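J.: build me a model:
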Amino acid sequence: MSKLKCVIVEDSEIQRITLERIIKSHPDLVLVTSFRNAIEAKNGINNRFVDLVFLDIEMPLISGFELLETLNYKPQVIVVSGNTAHALKAFEYDVTDFLQKPILLTRFDLAIKRAMLKYEQIHQNDDSENQIFIRSKMSKKRINFGEIKWIEAKGDYVKIVTLDSHVIVLSSLRAFHELLPQETFIRVHKSFVINIEKIDRFNAREVAISGQVIPVSRAKKSCLSEAMKFM
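T.: Residues are numbered from 1 along each chain as shown. Below is the predicted model:
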C-alpha cells in the first residue's frame, strides 16, 4: 500500500518539530512539508496534492477551521490541538480524527490506522472510478485514466493522447482536467495537462513522454517538481 503524503500546519515550533519526528518514524507516512501558519498552508496545500493534513486550530490571523474552508480539494485531516473544546466542531468538518496535545504515540497510531482505512475505502479498485466516458463524433468512448498520456488544448477542443491513439473532444482544458485524478494529472502549461506516470524525463523547461517534448511554463515548474518527488 502507498504511504500517505502528509503536511503539518502548526504555529508552535516545538509542537511542529515533535510532530515531524513522529511522522518521519511512522512506516505508513511520508512528510511532504510543514507550514508555520494557515496563510502559508493555504497556497501550499492547494498547489500540491496531499493525502493527510495534521492541523492545529488556534493560529494567528487565520484559524485551522478557516483554512479548511479555503481548500480546493478535501484531503483527510487530523486535528491536533490542546483545546478539547474544538473536538466537536472539528468532526463537523468530517475530519478523520482529533488528537489532544501532548500527543500519545498509542493514540497517534490509532489515528493513522483510521486514516489508512479511510484511504483504502476511497481508493478501492473500482473500475468505474478509474475511467472516464467521453463523447466524440456522436458516440461515447470509454478511456481508462491509465491510458492517457497527455491532454492538449486545441481552441474550443482538447486532444486526448492515449497509449495507442488520440481523441478530440469539445471541452476547455480546465474543465476536462477537473474530471481527472489531480494527484496523477497536472497542468504544466496553459495548453497541456500531463499524466506524471508517463513521463520519461523532465527538467525545469520541458517533459518528454513517448518521444514527445512538452513545454513547462515558469508558473508550473514548481508544481511539477513537487509532484515528481514521490514518483
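J.: quick check: chain neighbours aside, which residue is closest to the residue nearest the centre of the chain?
T.: Ranked by distance to the mean C-alpha position of the chain (C-alpha atoms, centre = their mean), the top residue is F49 at 1.7 Å. In space, F49 comes closest to E183 once its chain neighbours are excluded; the distance is 4.1 Å by C-beta to C-beta, 6 or more residues apart in numbering. Heads up, the C-betas are built off the backbone N, CA and C, glycines and all.
J.: the one you found and I45: what is the separation?
T.: 13 Å (C-beta to C-beta, to the nearest Å).
J.: neighbour count winner among the two?
T.: Just comparing E183 and I45: by other C-beta atoms under 10 Å the higher neighbour count belongs to I45, 25 against 15.
J.: that one is in what secondary structure piece?
T.: helix 38-46 (DSSP states H and E).
J.: one more: T18?
T.: helix 13-24.
J.: counting contacts, what elements does the helix or strand just after that helix pack onto?
T.: Sequence-wise, the next helix or strand downstream of helix 13-24 (DSSP H and E) is strand 29-35. Here strand 29-35 touches strand 4-9, helix 13-24, helix 38-46, going by 3 or more C-beta pairs under 8 Å, 6 or more residues apart in numbering; DSSP states H and E.
J.: which of those is buried the deepest?
T.: strand 4-9 (a mean of 23; mean count of other C-beta atoms under 10 Å).
J.: now that strand: mean pLDDT?
T.: Mean pLDDT, strand 4-9: 96.
J.: roughly how far out does that strand sit from the chain middle?
T.: Centre-to-centre, strand 4-9 and its host chain are 10 Å apart (C-alpha atoms, centre = their mean, to the nearest Å).
J.: cool, and stretch 40-51?
T.: Mean-position distance between stretch 40-51 and its chain equals 8 Å (C-alpha atoms, centre = their mean).
J.: what average pLDDT does that stretch get?
T.: If you average the pLDDT values across stretch 40-51, you get 85.
J.: and that stretch, how far apart are its ends?
T.: Across stretch 40-51, the terminal residues are separated by 18 Å (C-alpha to C-alpha, to the nearest Å).
J.: again, but for stretch 147-160
T.: With C-alpha to C-alpha as the measure, stretch 147-160 spans 10 Å from end to end.
J.: numbering from 33 from now on, please.
T.: Yep, numbering from 33; the last one is stretch 179-192 now.
J.: what separation is there between the residue nearest to F81 and L36?
T.: From E215 to L36 the distance is 12 Å (C-beta to C-beta).
J.: can you check G243 too?
T.: 34 Å.
J.: also Q244?
T.: 33 Å.
J.: T50 now?
T.: The value you get for T50 to L36, if C-beta to C-beta is used, is 19 Å.
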